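Trainee: just coords:
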């Protein structure tokens, strides 16, 4: 599904502060150069729910003149994840945490447990607590602050969430809120799925990685010492609230990590989006708000469309794991947290492209564009030196995509934006790729 | 929903070895005195799938003359749990573990992990392994043997299941088999729900408690140090296989524990079944096969009917927890494993009946019949002396049925076989009951 240049542009515009800058120059590239209002000038405004405009998986021209909001309102973008009675909205916009209504309408019951970490808590916990309780005296908020990092995404750390929930005597009508990056979202979501056999939860992702990928689609879980995300649940949130202002505090390395997943969407199913990224990578790295907002929106739309068609990953959804089998092996092999997830995904994506090219499934030019865009994003394009062929093989053998002993992979095939999920490939190509990327 | 005496009888007959004893005298009481063939004379026979006859939640006369099987076949009872695409059968019969076909048709993939405990493994692990692999060389079986007892129903013990699964490199196409009582079924089911975000699983319950209650309906989970079953998932098995021969090795105390749940079904929704139990309790305690088979079948039918209407316990299903709020407090307060679950349920049921009577919701005669039948089953009718009012109150405050701070209870109301699930009761009655049953 490709979006036209003009629809891409409109989509980008919808994520900026339309009250001040509702009209944009034509041309896809312009999306990155849209003059954006200061996010702080937006921050005190309140969105009227009616002003939220929704896109259902397609980038559509949705800022019609009649919808120009009054000065005191803000327009956010809403991407719907269509899963029947488990459908939910993804709100995307600057300053959304300054809008208590948006969050409060998705809180069930009177008790909230915010799950966050030592890095994010000092930055946003007070703000989120305010947003949950402002003009809402019936709601009480508890919080649990976990250590930060992939290496803490384990059963022991998740038990702290249960301990806090039990100690606070939370009941089935409570709501868990994940405030942080992918590790917090995955752990809080899994804890929400299991506490009292399931309570409501809300995702407030604060990293680009979580905003474009992990907070959407209901995959939750923790790591096993011998493999990433081997224990978890499919469990959908009530909503995902993406306040793009939270990216202001994100370290550069974390930003680049998120971009690896943005690149993925282009490669597996959205060639125009990939081409847009090639032209706008410097704007993304410079954190131009409209470029980031567009990249987030388009990523969420791609993910929502895939998840709506294949929630439990019986096929299509697996394509979202391009490069991830190699990446999980890197993360597990190098020690959780040594590399950021997106860094491992970048190297894994290059390996998948290399293998696809060895199989004769893609032109060399595509492989080169993959390497180029990831290098431009300052992401690694080879695995760490400590990874050996044996290490890759041994860890990949417990990958979730192994079925009856056969390792299935997502590989690029055909023109840009096309991929396959298959166990039918020449094993020699995999061996060659592993040997080409490892020292032994 | 009440079953007629003749249909009750036919239902009882259907669980015995119909190849040898297809016809039975009339009258509900006769169900317990049906001459049963030696189970060992049945054990080497094989059931033809076509001969399994199914009941959909109602006890129906299903052994028609035309269905009399040939000598080399066995008739088992099948109760269907109707949950759309997650529907599954409960097979009930003597010697079902001697029928590999029955089990094998529900195994997905080529790899099986049997989860059992140190008590059950020496008795049935070889038999189950044989049933899984007989004439089925493509399947390989791993097993993990956990320590036995409620006190091990925790995260640390469940991790051993994940460790074994990862170490054995099981993939999404594997099947977990729970072989044991309620603790094993709950832990194995939760592990199956979470391993790789969900793999197939089969329940082979070997205690009466698990056969009449915990193995059916998809409630899985583990205990938190401060509360029973606070962490878990709703996750349905592929099938439940109840070989009533496994009750031959069950200690008397465990048998009585299961009877507490059988009594529950009568009290909450099936007066004729309760009356049947009053007349046949001695047959149940003497382990008369046809009486046990009938009690298991009727219990499964009641449970299946409730679960089909309310899988996730939004209302009706909670009624299956008659006495359980008190019981969970006893189990948690006395220390997991000090009392068997059914023992705690028995005392809790008496407390619920007492409170119902104080509220004026049931006649004294019903309360007396509750006490009498549980005493006849040699079950406790008061909590342990260590339980104080404060202990009850503090533990019940974290019960899963608390909603927005209000403790909802299942209480008897009206004629025998009627109950309500409500938070609207005079708190004084609860206080009086607690004080009447505690020393302080």
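Mentor: That came through, no problem. Quick caveat, the model's predicted, so the values are computed rather than measured.
Trainee: tell me which element the closest residue to chain B within the stretch 101-250 of chain A falls in.
Mentor: Nearest residue of the stretch 101-250 of chain A to chain B: residue A:171, at 4.2 Å (Cβ to the nearest Cβ). Every residue, glycine included, has its C-beta placed from N, CA and C. Residue A:171 is part of no helix or strand when elements are defined by DSSP states H and E.
Trainee: Contact residues of chain A facing chain B?
Mentor: Chain A comes close to chain B at residues A:109-111, A:155, A:159, A:162-163, A:166-167, A:169, A:171-173, A:190, A:193-198, A:219, A:221, A:224, A:226-227, A:230-234, A:312, A:397-398, A:400-405, as judged by Cβ under 8 Å from any Cβ of the partner chain.
Trainee: Just to check, the residue of the stretch 101-250 of chain A closest to chain B is in contact with residue B:397?
Mentor: No - contact criterion Cβ atoms under 8 Å: residue A:171 and residue B:397 do not qualify, at 9.1 Å.
Trainee: quick one: which of these two has more around it?
Mentor: residue A:171 (25 against 14; other Cβ atoms under 10 Å in any protein chain shown).
Trainee: beta partners of the nearest residue to the more buried one once chain neighbours are set aside?
Mentor: Closest residue to residue A:171 apart from its sequence neighbours, by Cβ to Cβ, 6 or more residues apart in numbering or on different chains: residue B:402 at 4.2 Å. Under DSSP bridges, the beta-bridge partners of residue B:402 are residue B:407.
Trainee: OK, contacts around residue B:402?
Mentor: A:169, A:171, A:172, B:396, B:408 (Cβ atoms under 8 Å, 6 or more residues apart in numbering or on different chains).
Trainee: quick one: which of these is most hemmed in?
Mentor: Ranking the contacts of residue B:402 using other Cβ under 10 Å puts residue A:171 first, with 25 neighbours.
Trainee: contacting residues around it?
Mentor: A:109, A:111, A:196, B:398, B:400, B:402, B:403, B:404, B:405.
Trainee: quick one: which of those is nearest residue B:334?
Mentor: Distance to residue B:334 across the contacts of residue A:171 (Cβ to Cβ) is lowest for residue B:398, with 16.2 Å.
Trainee: Counting only strands, which of the residues of chain A next to chain B make the cut?
Mentor: Within these, residues falling in strands by DSSP state E are A:111, A:219, A:221, A:224, A:227, A:230, A:231, A:232, A:233, A:234, A:402, A:403.
Trainee: What is the lowest-pLDDT residue among these?
Mentor: The lowest pLDDT within those belongs to residue A:403, with 78.
Trainee: Give the full set of residues in contact with that one.
Mentor: A:423, B:109, B:171, B:172, B:173.
Trainee: for residue A:262, same thing?
Mentor: A:208, A:212, A:277, A:284, A:295, A:299 are the contacts of residue A:262 under Cβ under 8 Å, 6+ apart.
Trainee: make it 7 Å
Mentor: A:212, A:277, A:295, A:299 (Cβ atoms under 7 Å, 6 or more residues apart in numbering or on different chains).
Trainee: helices and strands around the helix or strand that contains residue A:113, which ones?
Mentor: Per DSSP H and E, residue A:113 falls inside strand A:111-117. Other helices and strands packing on strand A:111-117, by 3 or more Cβ pairs under 7 Å, 6 or more residues apart in numbering or on different chains; DSSP states H and E, are helix A:126-133, strand A:140-146, helix A:155-167, strand A:175-180, helix A:182-194.
Trainee: Mind listing what's buried along that strand?
Mentor: Residues of strand A:111-117 classed as buried: A:111, A:112, A:113, A:114, A:115, A:116, A:117 (neighbour count, 16 or more other Cβ atoms under 10 Å in any protein chain shown).
Trainee: Could you please name the strands it pairs with and the direction of each pair?
Mentor: In the sheet, strand A:111-117 lines up with strand A:140-146 (parallel), strand A:175-180 (parallel) (DSSP bridges).
Trainee: which of the ones you listed sits most buried?
Mentor: strand A:175-180 (a mean of 29; mean count of other Cβ atoms under 10 Å in any protein chain shown).
Trainee: re the thing from before, for the buried residues of strand A:111-117, which one is nearest residue A:435?
Mentor: When the buried residues of strand A:111-117 are compared against residue A:435 (criterion: Cβ to Cβ), the nearest one is residue A:117, at 38.5 Å.
Trainee: Now that closest one. Nearest residue, chain neighbours left out?
Mentor: residue A:148 (4.1 Å).
Trainee: now that neighbour: how far from residue A:156?
Mentor: 15 Å (Cβ to Cβ, to the nearest Å).
Trainee: So for these two, which residue has more residues nearby?
Mentor: More neighbours surround residue A:148 than the other of residue A:148 and residue A:156, with 18 against 11 (other Cβ under 10 Å).
Trainee: per-residue confidence for the more buried one?
Mentor: At residue A:148, pLDDT is 96.
Trainee: Residue A:108 too?
Mentor: 89.
Trainee: Any idea how many residues pack against it?
Mentor: There are 16 residues near residue A:108, going by other Cβ under 10 Å.
Trainee: Test my guess that it contacts residue A:200.
Mentor: Yes - Residue A:108 is in contact with residue A:200 according to Cβ atoms under 7 Å; the separation is 4.4 Å.
Trainee: Which neighbours do these two have in common?
Mentor: Common neighbours of residue A:108 and residue A:200 (Cβ under 7 Å, 6+ apart) are residue A:175.
Trainee: picking up where we left off before, please tabulate the helices and strands packed on strand A:111-117 in a markdown table, including the columns distance to residue B:289.
Mentor: A markdown table is the format used below for those (distance: least, Cβ to Cβ, whole Å):
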| stretch | distance to residue B:289 |
| --- | --- |
| helix A:126-133 | 59 |
| strand A:140-146 | 52 |
| helix A:155-167 | 43 |
| strand A:175-180 | 48 |
| helix A:182-194 | 39 |
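Trainee: Between those, which one is closest to residue B:90.
Mentor: Per Cβ to Cβ, nearest to residue B:90 of these: helix A:182-194, 25.5 Å.
Trainee: packing partners for that closest one?
Mentor: So helix A:182-194, by 3+ Cβ pairs under 7 Å, 6+ apart, packs with strand A:111-117, helix A:155-167, strand A:175-180, strand A:200-205, strand A:219-224, strand A:227-234, strand B:227-234.
Trainee: Mind listing residues that contact the second one?
Mentor: Looking back up the chat, that one is helix A:155-167. Under Cβ under 7 Å, 6+ apart, the answer for helix A:155-167 is A:113, A:115, A:142, A:144, A:146-147, A:187-188, A:190-191, A:195, A:222, B:155, B:159, B:224, B:226-227, B:230-231, B:398.
Trainee: Just the buried residues of these.
Mentor: Judged by 16+ other Cβ under 10 Å, buried ones among those: A:113, A:115, A:142, A:144, A:146, A:187-188, A:190-191, A:195, A:222, B:155, B:159, B:224, B:227, B:230-231, B:398.
Trainee: Sitting in strands, which of the contacts of residue A:262 do you find?
Mentor: Reading strands off the contacts of residue A:262, I find no matches (DSSP E).
Trainee: Pull out the buried residues from those residues.
Mentor: Buried among the contacts of residue A:262 (16+ other Cβ under 10 Å): A:212, A:277, A:295, A:299.
Trainee: Taking those together, which two end up most distant?
Mentor: So, the buried ones among the contacts of residue A:262 by Cβ to Cβ: farthest apart are A:212 and A:277, at 11.7 Å.
Trainee: what sits against the residue nearest to residue A:185 when sequence neighbours are not counted?
Mentor: Among residues not flanking residue A:185 along the chain, residue A:178 sits closest, at 4.4 Å (Cβ to Cβ, 6+ apart). Residues near residue A:178 by Cβ under 7 Å, 6+ apart: A:115, A:184, A:185, A:188, A:189, A:201, A:203, A:204.
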